[in-house]
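>>> Okay, here's the prediction I keep looking at, along with the sequence it came from:
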Amino acid sequence: MSVSSPQFNTQWGTSSSNRQARQLHLVSRGMTLVTGLATFFVIAILLTVLADIVYHGWSALSWNFLFSGIGTDSFESGQLGLLPMMIGTVFKVFLMTLVVMPVGVITALYLTEYANPQSLLTRMIHSAVNNLAGVPSIIFGLFGWGFFIKFMGVGLDEAFSPNNPEPVWGKPAILWASMTLAIMTLPVVIVTTEEALKSLPDGLRYASYALGASRLQTLFKVLLPQAMPGILTGAILAIGRAAGEVAPLLFTGAAYYTAAYPWKLNDEFMDLGYHIYILATQSPDVENTTPVAYATVLVLLALTLGLNLMTILIRARIRHRYKQYQAVDG
Amino acid sequence: MDKLFELGMAGIASSATIFIFLIFLFVVKEALPVFLGHVDTSKGGEILSPDQLERMNPGDVKEYLELTNEQYRRLDQDALRLMMEVKYQAAQDMATDPQAGLNTASWEHMIFPYQWTGYEQPGYIWQPVSSVPKFNLIPLLIGSLKTTLVALLFATPLALGAAVFVSQLCPSRFREWIKPSIELLAGIPSVVLGFFALMVLAGFLDRVFGVQTQLNASVAGIALGLAVIPIIFSISEDALSSVPRHYSESALALGSSPWFAAWKVVIPAAFPGIVAAIVLGFGRAIGETMIVLMASGNASIVSWNLGDSTRTMTATIAAEMAETVFGDPHYRILFMLGVMLFVITFCSNWIAGVVIQRLKHKMEAAG
Amino acid sequence: MLSRSIHGRWGWFCVVWLLFLTNNQAAFAATDSISIKGSDTMLLLTQKWVHEFSKRHSDVAFQISGGGSGIGFAALQNNTTDLCAASRPIKSKEILSCIKAFSAAPTEYKVCLDAIAVYVHPDNPIRDLDLKTLKDIYTGRITNWRQVGGMDLDIVLYSRENSSGTYEFFKSSVMQHEDFSPATLSMPGTSAVMQAVAKDAGGIGYGGAVFGSVVKTLALKATVDGPAILPNANSVQQGDYPIWRHLFHYVNPAMDKGMLGDYLKWIRSPVAQSLAEGSGYFPLPETAQISDLEDCCLEPAELASSKILDQE
């Protein structure tokens, strides 16, 4: 992969320092090779991880494994089915999307279309979004516990059913887990939507205003539809991130085992990622559990990487269209 | 109408700011008593024999058994007597350790070594579930720093090399697919990386290096490095690509090779961005939970040996939180670990954010 | 208007859902349902019992969830569960809060036996250890296998996380409340301990009795010159194997009637007890099993093998 261009190398030094020139040439070639190898190594690691998981997980994968519930033994290959975890994960991600998308998109709209970029509020929001993206996931778990369960949940219980000793909301639940994930993925949605809106040429806005459209109409009829692929990318990225994240769920709603599927907002739920952790660490019978654990990892990996690949494809499309805009503008 | 709508939008847009504030507030709220030194683990209080129940007045009974008025009204004499008996019995059974009266949740015991009973020498001990709970934070801090250090040592050269290669040296048709595939690494959930480290990496490193314990700081650190590579890569690649094209083109025109153009011109110009990328990688590594929980072995030893097992702050929170009692000293100290993590990552993010912003302005001006 | 209309629809959806939920809360209590919450280590066994019991009584709906023994006890106090499955005896603090909540101490049922097995790497020549030596190994006083007659190899200690019941039991029965050596590695579960020991020539770990041959289970001696005994159904039931414990179900004494009482009786029948071994546990001694369910007309309260205070 060495691609240093030979026509420059020999011309670096003067003729009197030919040796030095050759040394520099060697260094140049060598460093290009080294950085190329680093790149290759990173990609090789990625492929190794994927290959290992596919190789070990493939054999245990079956229709029955994917789409049946848990029988009598959640660690044995004939008995464990992934359906409860899939339902839990999908439900969790669905609730999260319902919350994070409106908030994220509106924030991005406000930042790009309304706010004065120099104002204190805008700068505060920007730095908050940056920092939110860097908060460790386990802190979101602590926050979900302290804020959603102990503050909001217990508060709701005290307000609506003060005489009921049984907590309805003040306990780990799928709603609280999804809300926690929604806050965690908010920056992803905001940043991608912002990028999508910024990449729209101003000509679109002017054309809309020139036709007599109001600001709101321009927003909803012109800009949002045009930015849709970008917004979709944000949604998919957020979903991909949330589907695989385990640490925030540890105290907010993921259960080791539930007999029923989650169908109420205050149910606990089983989660794919959390179940990988359980399979890898809790089984009394290691030899029998390892293939199942690998298969579960494969399913989660297929889900998250599939979503990530989708965003890459959509982005390539957008870039293509953006080039067309530039051609029109230019 | 439009004005109103704008106001509403501004309100929703501030939510990110509000959430950051709330996260800080609610994590600090649970930990505050520790910071203020109000948490006390010493087991004080007088224990009364159950026979004394008849002679006690209602107020004393309520206070001794920690009952509310409503509970006291509901409970009959037998239940109260049973409670007295249970409490008396518990006090009799308790192991009598001369250090039981010590407040181990004080700052002194959380930071400095101490000569605990049963130990050969004064030490930094994290033993939160014990007859005398020991909450020394030093082993956890060192554990977190150690894994983070390994992660950065592993990830930085690879990620930077790849960033320089992709942005400066490789033909654009390679770039089109190399960049997304490295970014795909970021799409692998950390629990999967932890699983991989536990099942494959630990055995592999043991076979190659023959370490003392299979699960150790290096295994966790390298797996952590895999999570950090995409971050350092994409941010430094952004920084390198933001250097205007004419910088490197002028170097090339003067007869430089692409590598020297990158090394002497582009990298120095983008240097702050590269530093920011490493700082952000540090923040990500120190805050990562599942990988270290599964692959580091979680032994709370004070040692800088990379072959030793190690216990990080994040893994400690994840492993111990579930069984702690709400409001307990142990519970509050776990939240305090959370506050420390939050502050560390907040600072590293903030620094990186400022650096990147400055670089962007500079490059836009230069471009 | 896309995002706004979604928002609005979602709001209504939520309100309807909430109404539905609050109405349903009452309906749930009326059906014949049994909820079991508590120790994660007992979940597998509970699953098997529930599966088998449901074959006989299809009219009962079960809800099982884990979280840990402590979480089960908290749920018992809050009336959020009927049964608390616990891998450790109730603590006095928890008895006190139970009395505060329902004016009586919860009734304790011993439901099966659990032996803590000690395992080492299959290649380790050591076959047995006595408890004193085991303690010295885990406190860090003995650091090399040579000191106990093995190879010249450093001992690597594997333990469970301090939030687990197994940890607490090992700490009280083997360690006699002394602290573990700081060099001890804490694993999040039995299989994590086993995997680690299986790959570590100098490793030693403890946990529930296990299947397979990835690790070697050691025979234990109660005293230095006592007999070395491996954990199996017989030795554990006879009490010969030195580290064993009961696993429990706790219930509010006002509640253990009707179907719940039947279930508690049934799980101590030979059929149910025979399921224990498949989950890594051991059946109760035959004298403690309830062999003929039809004959058994004792009141559930009398059946309870012991009240908490008798035990202490």
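Happy to help now that I have it.
>>> so how far does stretch B:319-332 reach from one end to the other?
End-to-end distance for stretch B:319-332: 15 Å, by Cα to Cα, to the nearest Å.
>>> scratch that, stretch B:236-247 is what I was asking about
17 Å.
>>> Any buried residues in that stretch, and which?
Using 16 or more other Cβ atoms under 10 Å in any protein chain shown as the test for burial, stretch B:236-247 gives B:236-244, B:247. Using the backbone N, CA and C atoms, a C-beta is placed for each residue, glycine as well.
>>> I'd like to know which of those residues is nearest to B:W263.
When the buried residues of stretch B:236-247 are compared for distance to B:W263 (Cβ to Cβ), B:L240 wins out at 11.5 Å.
>>> In a helix, the closest one, correct?
Yes. With DSSP: H, G, I helix; E, B strand; the rest coil as the criterion, B:L240 is assigned to a helix.
>>> ok, it touching B:A162?
No. Contact status for B:L240 versus B:A162: not in contact, 10.9 Å apart, counting by Cβ atoms under 8 Å.
>>> still on that earlier bit, output the buried residues of stretch B:236-247 as TSV; include the columns pLDDT and distance to C:A85.
Listed next are these as TSV, based on pLDDT from 0 to 100; distance: Cβ to Cβ, whole Å:
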residue	pLDDT	distance to C:A85
B:S236	94	52
B:E237	93	52
B:D238	91	53
B:A239	93	55
B:L240	93	57
B:S241	91	58
B:S242	89	59
B:V243	90	62
B:P244	89	66
B:Y247	88	68
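>>> Which residue lies nearest the spatial centre of the chain?
Let's take chain A. Taking Cα atoms, centre = their mean, the centroid of chain A lies closest to A:R241, which sits 2.3 Å from it.
>>> Correction: the question concerned chain C.
Centre-nearest of chain C using Cα atoms, centre = their mean is C:S87, 3.1 Å out.
>>> so that one touches C:L44, yeah?
No. Using Cβ under 8 Å, C:S87 makes no contact with C:L44, being 11.8 Å away.
>>> Relative to chain B, how far out is A:V27?
7 Å (Cβ to the nearest Cβ, to the nearest Å).
>>> my guess is C:P242 is in a strand, correct?
No. Using three-state DSSP, the assignment for C:P242 is coil, not a strand.
>>> can you give me phi and psi for it?
phi -70, psi -30 (degrees, to the nearest 10).
>>> show me the residues around it that make contact.
Shown in contact with C:P242 (Cβ atoms under 8 Å, 6 or more residues apart in numbering or on different chains): C:131, C:220-222, C:229.
>>> Out of these, which comes closest to chain B?
Closest approach to chain B among these (Cβ to the nearest Cβ): C:L131, at 17.3 Å.
>>> Tell me the confidence at the residue nearest to A:F147 when sequence neighbours are not counted?
Nearest residue to A:F147 in three dimensions, chain neighbours excluded: B:F26, at 4.4 Å (Cβ to Cβ, 6 or more residues apart in numbering or on different chains). B:F26 carries a pLDDT score of 93 in this model.
>>> Now for B:F26, how many residues are close by?
As a burial measure, B:F26 scores 21 neighbours (other Cβ atoms under 10 Å in any protein chain shown).
>>> Which secondary structure elements does the helix or strand hosting it sit against?
Here B:F26 sits within helix B:15-35, counting by DSSP states H and E. If you count contacts as 3 or more Cβ pairs under 8 Å, 6 or more residues apart in numbering or on different chains; DSSP states H and E, helix B:15-35 packs onto helix A:83-109, helix A:120-134, helix A:137-143, helix A:174-198, helix B:329-366.
>>> What parts of the stretch 101-250 of chain C come near chain A?
Residues of the stretch 101-250 of chain C lying close to chain A by Cβ under 8 Å from any Cβ of the partner chain are C:101, C:187-192, C:194-195, C:198, C:208-212, C:214.
>>> All good on my end, thank you.
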